[in-house]
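Q: here is the input, now give the coordinates:
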Amino acid sequence: MTDQLRDRLRAHVHALVGERHPVFSPEVLKQVESYLAEQFRHLGLDVSLHPFDALGSTYHNVIATLSPSASAGSPTPNEGSQLIIAAHYDTVPGSPGADDNASGLAVLLEVARSLRDMPLSGEVRFIGFCLEEEDLLGSLAYVAHLRANNQALRGAIVLECVGYTRVDEGSQLVPAGLPITVPSVGNFLGIVGNADSAQLAANIERSANRAVPDLNTVSLLVPGRGELFPDTRRSDHAAFWEHGYPAVMLTDTANFRNPHYHQPTDTLETLNLEFLRKVAEAVTAAAIRLVGRE
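A: This next block holds a predicted model:
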């Protein structure tokens, strides 16, 4: 099963890699939107598109919904038991975007595969956000819609660059002023939350450490909405923070480790597929802990 998961992750990244930009490669961006929708439908999930206007056109967030289990005598799911797991599918110009963020999308799809037959007490929404690289336009539009409709959430897990590792000493850089000690070797998964997301982050870390003990994790909680540490706001989780929802970013720390970040060299061959497998298993375990039904 381990090898099969790793092979599926590789196949997803291979299918997704390539410049996916609204101006320079809009056709490829649309193809990836279709790929995500088709993959989710193949898994048996309900798929919808959330349209939003930006940059003079209309774009879509891809949403796949896994409903709570229905069985005789089961309690009605609690309000706010919905969990979102998300990753963005656009890239910057000129980059094929393997780590950023085909890696996150591959994990997203495989977590959906793992959860589809699990008994759940709450709804799980798997979302491919568009235009993250354009100031989070897709996630901001979606979360504003949630808030306008007074929808409660258990939380959001955002996957942002989760496939690159290094083993050499000094390979991990750190943003200035970070209030925690960070390992100097870039082979861990970062778990980044804010004060409102402390419980969500703790649940994710415990689940990851229990289910995948050889996956090193480092957690960081920032005050407020991360304003004091701008580097902690550089993905779609920040859109949830802006509207008061608990959200956590899972990341390999991007440019603080990966020299291929936003470069033409961000290719499949640079990724650590075994690390990617561990991330997928950790996220699955976290989702089961958060909305699974015993």
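
Q: can you map out the strands along this structure?
A: If DSSP state E is used as the criterion, the strands of the chain fall at 46-54, 57-66, 83-88, 124-129, 155-160, 189-194, 217-222, 247-251.

Q: deepest-packed of the ones you listed, please.
A: strand 247-251 (a mean of 29; mean count of other C-beta atoms under 10 Å). To be clear about C-beta, it is placed using only N, CA and C from the backbone, and glycine gets the same treatment.

Q: now N258: how far from D168?
A: Plainly put, N258 is 13 Å away from D168 if you go by C-beta to C-beta, to the nearest Å.

Q: more crowded one of those two?
A: Applying other C-beta atoms under 10 Å to N258 and D168 shows that N258 carries more neighbours, namely 25 against 10.

Q: phi, psi of that one?
A: phi -100, psi 110 (degrees, to the nearest 10).

Q: which residues touch S103?
A: 13, 159, 161-164, 252, 271, 276 (C-beta atoms under 8 Å, 6 or more residues apart in numbering).

Q: which residue packs closest to it, ignoring adjacent ones?
A: Sequence neighbours aside, G163 is the residue nearest to S103 in space, at 3.3 Å (criterion: C-beta to C-beta, 6 or more residues apart in numbering).

Q: which ones are touching the one you found?
A: By C-beta under 8 Å, 6+ apart, the contact set of G163 is 13, 98-99, 103, 106, 252, 271-273, 275-276, 279.

Q: just among the residues you listed, which is most surrounded?
A: Result: S103 is most packed of the contacts of G163 (other C-beta under 10 Å), 33 neighbours.

Q: pLDDT wise, what is that one at?
A: Looking at S103, its pLDDT reads 99.

Q: distance check, the nearest residue to F256 once chain neighbours are set aside against V185.
A: Leaving aside its chain neighbours, F256 sits nearest to L173 (4.3 Å; criterion: C-beta to C-beta, 6+ apart). Distance, L173 to V185, by C-beta to C-beta: 11 Å.

Q: those two: who's more crowded?
A: Between L173 and V185, counted using other C-beta under 10 Å, V185 has the larger neighbour count: 16 against 12.

Q: pretty sure that one is touching R166, no?
A: Yes - with contact defined as C-beta atoms under 8 Å, V185 reaches R166; the gap is 7.0 Å.

Q: identify the contacts common to those two.
A: Residues touching both V185 and R166 (C-beta under 8 Å, 6+ apart) are Q172.

Q: what's A201 in contact with, if anything?
A: So A201 contacts 191-193, 219, 221, 248 (C-beta under 8 Å, 6+ apart).

Q: separation between it and F275?
A: 20 Å.

Q: pLDDT weak spots in this structure?
A: 70-80, 294 (pLDDT under 70).

Q: nearest residue to the residue nearest the centre of it other than its sequence neighbours?
A: Centroid check for the chain by C-alpha atoms, centre = their mean gives L159 as the closest residue, at 2.0 Å. Nearest non-adjacent residue to L159, counting by C-beta to C-beta, 6+ apart: G104, 3.4 Å away.

Q: surely the one you found is in contact with V162?
A: Yes - counting by C-beta under 8 Å, G104 does reach V162; the two are 5.5 Å apart.
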